[in-house]
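1. Let's see this in three dimensions:
(2 chains)
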Amino acid sequence: GAGVSQSPSNKVTEKGKDVELRCDPISGHTALYWYRQSLGQGLEFLIYFQGNSAPDKSGLPSDRFSAERTGGSVSTLTIQRTQQEDSAVYLCASSERAGLSYEQYFGPGTRLTVT
Amino acid sequence: RKEVEQDPGPFNVPEGATVAFNCTYSNSASQSFFWYRQDCRKEPKLLMSVYSSGNEDGRFTAQLNRASQYISLLIRDSKLSDSATYLCVVNRRTGFQKLVFGTGTRLLVSP
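-> This next block holds a predicted model:
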């Protein structure tokens, strides 16, 4: 079946502009996660959604970052007033449920470059 | 100190060699452990879970030592296709399944 999809695959933006990154999770998966991977760094957790519950935003690095998930499916990560240090690959993952035994499936990522 | 630490490598080995990667984690509250594989410019994919008793999947063997907070991955009879970055991942329950990733160990298998 279809995996996690993300768009765009690449995004180049000027410093100070806003960007929106989209994630389509696997159909039926209730849990959705956003991570980012900077050059030479491990994946860094950003935010987590589970069903209709309030998201866990504990990993968002600043108030310029926000995310929403509409209808329990598609999610959008928004970065306002982008900075050069925001350049990274942004990865979305989904899992059937949020328990320890449920594998997280990753999308191909969006490579963001802030110039 | 990082919560999950790995030797970045690269480990350069010939085909057919046996290679082992180690990983240490600092948070004793970690409950589940995994090895993920990430190919260049691709997303991470689950390679195998790591169980307390140790587990094997074909040429891959994973071990966990909770007392020393140490995880290992052994690859036997290396193939060219094993060339990738191997990510050590721990799962710390904080109300949800939070995965904490190491920066990865790069493996290069040559003919």
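2. Rank the helices and strands of chain B by mean pLDDT and give me the bottom one.
-> Scoring the helices and strands of chain B by mean pLDDT, DSSP states H and E places strand B:97-101 at the bottom, with a mean of 82.
3. and that one, which strands flank it?
-> In the sheet, strand B:97-101 lines up against strand B:84-93 (antiparallel) (DSSP bridges).
4. residues making contact with the strand it pairs with?
-> Residues outside strand B:84-93 that contact it (C-beta atoms under 8 Å, 6 or more residues apart in numbering or on different chains): A:42-43, A:100, B:3-4, B:6, B:21, B:23, B:25, B:27, B:29-40, B:44, B:47, B:71, B:73, B:97-107. Backbone N, C-alpha and C define where each C-beta goes, glycine included.
5. Show me those residues that map onto strands.
-> Per DSSP state E, strands hold the following members of the contacts of strand B:84-93: A:43, B:4, B:6, B:21, B:23, B:25, B:32-38, B:47, B:71, B:73, B:97-101, B:105-107.
6. Can you give me the end-to-end span of stretch B:18-38?
-> Using C-alpha to C-alpha, to the nearest Å, the end-to-end distance of stretch B:18-38 comes to 19 Å.
7. In it, which residues are buried?
-> Judged by neighbour count using 16 or more other C-beta atoms under 10 Å in any protein chain shown, the buried positions of stretch B:18-38 are B:19, B:21, B:23-25, B:30, B:32-38.
8. Over to stretch A:85-105?
-> Using 16+ other C-beta under 10 Å as the test for burial, stretch A:85-105 gives A:86-95, A:98, A:104-105.
9. returning to what we had before: now, among the buried residues of stretch B:18-38, which is nearest to residue A:72?
-> Taking C-beta to C-beta as the measure, residue A:72 lies nearest residue B:32 of the buried residues of stretch B:18-38, at 25.1 Å.
10. Identify the residues contacting residue A:16.
-> By C-beta under 8 Å, 6+ apart, the residues touching residue A:16 are A:81, A:82.
11. What are the phi and psi values at it?
-> Residue A:16 adopts backbone torsions of phi 100, psi -20, taken as degrees, to the nearest 10.
12. how near is it to chain B?
-> Distance of residue A:16 to chain B, computed by C-beta to the nearest C-beta, to the nearest Å: 27 Å.
13. Let me see the confidence value for that residue.
-> Residue A:16 is assigned a predicted lDDT (pLDDT) of 97.
14. again with residue A:29
-> For residue A:29, the predicted pLDDT is 92.
15. sec struct for it, please.
-> Using DSSP: H, G, I helix; E, B strand; the rest coil, the structure places residue A:29 in coil.
16. surely it meets residue A:94?
-> Yes: Residue A:29 lies in contact with residue A:94 (C-beta atoms under 8 Å); the separation is 3.9 Å.
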